[in-house]
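[1] With the sequence up front, the predicted model follows.
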Amino acid sequence: MLRQNYVQRLAQYPFRRAVGVRGYKAATSHLSSSIVQPKSIYAARWTTADLKYARLASLNVRGYARSRYEEFKQWQNEQRSQQQSQDHSQNEPEWEYHPEGPSGGRVLLLRPTLWALAFTASTFYVCSTMFVDHQEQLLKKSRTILDMFWSAPKGTESDRVWNIMSDPRVQHLNMYHNVHSEAHAKMIRRIAHLPGWVPHELKRTVVAFTDKWYKLSRGTRCVYTIAGLNVLVFSMWQMPRLLPFMARRFLHDPRSGLSYTMLTSTFSHKDLWHLLFNSIALVSFGTSVANKMGAEHFTAFYLSAGVLSSLASHLLAPLRPALILPSLGASGAVYGVLGAMMMLFPHAQIAIIFLPFIPMSLSHAFPALLAYDFAGAVLGWRTFGHVAHLAGGLYGIAYLEWGTQYWNRLVKFIDRRKN
């Protein structure tokens, strides 16, 4: 049976070309005769030439089959690598930036300026309204605390918090809570009412994190929220499928004709080191500024600093057409926070991340940074967005010098309208 299969394999391969006609006949005829008459296999008269050509035929057929198999494997690997490259190009499209947009590649000036001014004005109005509402809530809370000593009316916030914390599922968590507000208590109740398949220890961990979150001041929570948005947008940059969308919506190019990208690019970081530097600076200096200003005031100031610094870079781009590049990052807004920090705390001691052993005053370090960015903007350096840095820093200084009085006037105007 083994020899019959071997003869069939011989018949399947075009090995006449490899071994010649004589070797083919010698191999097939004698192997076929041995299959028909297995008893006379040793009695068959094989000549020396026949044996020679039969051996050559078998060896050459094996070599031919091996070579064909190797060729097939090579072709299979090539097809597989080609298919993988096609799948890679479909699933992970290369990020090709196309500056041509609705404006036809021209740098528009009036439309982005009007958009930035309108966005800044609306942001300050909305944030001041939220600030007035929060102040009214604090006033009502203080009145209820005073009334507790006299009449102890029902339905106060403390009563509502007590009712929420008396929930059996909240009590089942077996945790001590220092509840800071009704929103804090409602969040704990939501976590306690999660489905039963959620592990009990996971609920306790989330509640502990919630307690720490509400223990922070409102300004610190505002800064951490902005840093979390930066991390979220950075994670979106790491998804290959979202690269075309991120390049269109979260990258500002003066030639694209889009104005809202001056805001979205403020939360956008494509490199990890860029995100880390801006986040460290924001958390280090932004918490002090936010606690001094208030959460709503700081939010309006931060967003306006980011948009106006992007606008300054946009307006000066036509002066050097060869240096027009897409921009992203929160550096302009962070420079605005640094400028406000210098105005609020001029004698604060800081240390540069590369030179932590050399402390220096912020009133000396920040002007040095502005001088460096001014030189970069004049000389056309491409290391950073020097124009945006310079504009953000100057905006922070100017706002703390003259802008806070307009914030106070706006708050009084909204309070007067509501009352």
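    Looks like it arrived, so ask away.

[2] Tell me which stretches of the stretch 301-419 of the chain form strands.
    349-352, 355-361 (DSSP state E, counting those that start in this stretch).

[3] weakest of these in terms of mean pLDDT?
    When the strands of the stretch 301-419 of the chain are compared by mean pLDDT, strand 355-361 comes last with a mean of 68.

[4] Now for Tyr399: which residues touch it?
    Taking CB atoms under 8 Å, 6 or more residues apart in numbering as the contact definition, Tyr399 lies against 301, 304-305, 336, 339-340. Where you see a C-beta, it was placed from the backbone N, CA and C, and this is true even at glycine.

[5] Oh, that last question was meant for Ser331, not what I typed.
    278, 309, 384-385, 388-389, 392.

[6] Apply 6 Å and report the result again.
    Counting by CB atoms under 6 Å, 6 or more residues apart in numbering, Ser331 makes contact with His389.

[7] now His180
    With CB under 6 Å, 6+ apart, His180 has these contacts: Tyr214.

[8] Low-confidence stretches in the stretch 1-150 of the chain?
    1-69, 86-105, 141-150 (pLDDT under 70).

[9] Kindly recompute the last result at 50.
    Within the stretch 1-150 of the chain, the ranges that satisfy pLDDT under 50 run 1-21, 23-24, 26-27, 30-46, 92-95, 100, 146, 149-150.

[10] which residue packs closest to Pro346, ignoring adjacent ones?
    Nearest residue to Pro346, sequence neighbours excluded (CB to CB, 6 or more residues apart in numbering): Ser363, at 4.3 Å.

[11] gap between the one you found and His200?
    53 Å (CB to CB, to the nearest Å).

[12] ranges for the helices of the stretch 301-419 of the chain?
    With DSSP state H, counting those that start in this stretch, the ranges of helices along the stretch 301-419 of the chain come out as 331-344, 362-379, 386-398, 404-418.

[13] Distance to Phe234 and mean pLDDT added to those, as a markdown table?
    Putting the helices of the stretch 301-419 of the chain into a markdown table (distance: least, CB to CB, whole Å; pLDDT from 0 to 100) gives the following:
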| stretch | distance to Phe234 | mean pLDDT |
| --- | --- | --- |
| helix 331-344 | 14 | 93 |
| helix 362-379 | 24 | 86 |
| helix 386-398 | 18 | 92 |
| helix 404-418 | 31 | 91 |
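
[14] Reformat the ones you listed into a markdown table and put distance to Arg248 next to each item.
    Output for these, formatted as a markdown table (distance: least, CB to CB, whole Å):
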| stretch | distance to Arg248 |
| --- | --- |
| helix 331-344 | 21 |
| helix 362-379 | 27 |
| helix 386-398 | 20 |
| helix 404-418 | 34 |
